[in-house]
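Student: pasting a predicted model and its sequence here:
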Amino acid sequence: MQNSAAISVQKSLNSSRTQRRRSVADSTAVSSRSASTSSDASAAQGFILNDEPITLFRLELERLQYILHFPEEVAFQLSATEYQLFYSIQPMDYVRYVSCDLTSVPVIDNPSPVRNLVKRLSEVSSWITHVIISMPTHDDRKTALTSIIRMIDVCWNIGNFNAAVEILMGLKSEKLRPFWLSLRHDEKQKYEQLCEMLLPSNQAAPSTPYLEAVQRALRMPQCRLIPFFGVFLRDLYAIVNDMPNVVVIGHERNKERLEV
């Protein structure tokens with residue numbers, strides 16, 4: 001199963017290189033049409049994260065909050081969960097999710113497992129934002145930030161790029177703007193470097209360091225690679241939008257023509 005997914009990752013990377021100079025349409029933003037809207041939403045890497053309650057992964061994240069002072073352990077535990085989640089999803093699930101989302105298919109008729117990835121992205125990001133905000137003092141928030149940055153570094157080093165993006169998007173929340181403004185440049189430098197690698201400002205294609213890191217991970221059989229699933233979705237949204245019609249095979253094997 002991992003070999004098949006690795007091939008899909010490789011194809012996505014090759015496609016990203018050829019499209020590096022192309023801009024992606026605004027419709028590549030991933031937001032479930034059934035999700036509750038919020039006046040406080042943060043956007044990054046083509047995703048719109050609604051500030052919704054943490055429910056699906058609440059117990060896991062509450063448990064991890066108790067060991068934030070061991071960022072390496074938090075990173076490894078996040079990776080254990082996300083590895084199982086990512087590799088349980090088949091390539092066709094991504095296609096079905098995108099096609100149904102573009103045609104406003106009701107959630108009940110589109111029980112795609114990809115929704116769990118989108119939900120986890122939202123919940124982990126919201127959790128990271130909450131961790132910073134909930135600290136009682138400014139020094140405590142800076143200490144928490146140090147641990148969170150270390151978590152991103154560890155996720156990057158072990159090949160869990162998906163969690164690295166989730167965590168970083170939590171740090172980019174508008175709720176943390178006053179906190180970032182209160183820091184010196186040298187205190188924000190590492191954060192800004194990570195943003196350039198994982199959330200490039202042009203949002204048109206993955207950064208070169210990200211692509212090179214994924215390539216290295218693919219060459220390491222012992223690496224439990226977890227690429228950022230948003231790369232797949234962004235490319236699929238662009239492809240489906242460029243095609244006049246697509247035939248989608250539903251969960252019951254019934255074929256429907258998708259008019260985009």
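Tutor: Arrived safely, thanks for sending.

Student: what segments of the protein are strands?
Tutor: Assigned by DSSP state E, the chain shows strands spanning 42-44, 47-49, 245-249, 255-259.

Student: the protein: helices as residue ranges?
Tutor: Along the chain, counting by DSSP state H, helices occupy 2-18, 58-65, 71-87, 91-102, 114-133, 138-157, 161-171, 177-181, 185-198, 208-218, 230-242.

Student: identify, out of those, the most deeply packed stretch.
Tutor: Highest mean neighbour count among the helices of the chain (mean count of other CB atoms under 10 Å): helix 161-171, with a mean of 26. All C-beta atoms are positioned from the backbone trio N, CA, C, and that covers glycine.

Student: which strands and helices sit next to that one?
Tutor: Packing contacts for helix 161-171, counted by 3 or more CB pairs under 8 Å, 6 or more residues apart in numbering; DSSP states H and E, involve helix 71-87, helix 114-133, helix 138-157, helix 185-198, helix 208-218.

Student: how far is it from where the chain is centred?
Tutor: Centre-to-centre, helix 161-171 and its host chain are 6 Å apart (CA atoms, centre = their mean, to the nearest Å).

Student: mean pLDDT lowest where, among the helices of the chain?
Tutor: Lowest mean pLDDT within the helices of the chain: helix 2-18, at a mean of 50.

Student: circling back: got the helices and strands packed on helix 161-171 as JSON lines, with distance to R96 columns?
Tutor: Shown next, in JSON lines, are these (distance: least, CB to CB, whole Å):
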{"stretch": "helix 71-87", "distance to R96": "17"}
{"stretch": "helix 114-133", "distance to R96": "8"}
{"stretch": "helix 138-157", "distance to R96": "28"}
{"stretch": "helix 185-198", "distance to R96": "27"}
{"stretch": "helix 208-218", "distance to R96": "24"}
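
Student: nearest to R224, out of these?
Tutor: With CB to CB as the measure, helix 71-87 is the member of the helices and strands packed on helix 161-171 nearest R224 (5.1 Å).

Student: how many residues are close by P106?
Tutor: For P106, the tally of surrounding residues (other CB atoms under 10 Å) stands at 9.

Student: next up, phi/psi of P136, please.
Tutor: Backbone torsions of P136, given as degrees, to the nearest 10, read phi -70, psi -30.

Student: nearest residue to M135 other than its sequence neighbours?
Tutor: Nearest non-adjacent residue to M135, counting by CB to CB, 6 or more residues apart in numbering: R141, 4.3 Å away.

Student: and for F57?
Tutor: Residue nearest to F57 in three dimensions, not counting chain neighbours: E123, with 5.0 Å by CB to CB, 6+ apart.
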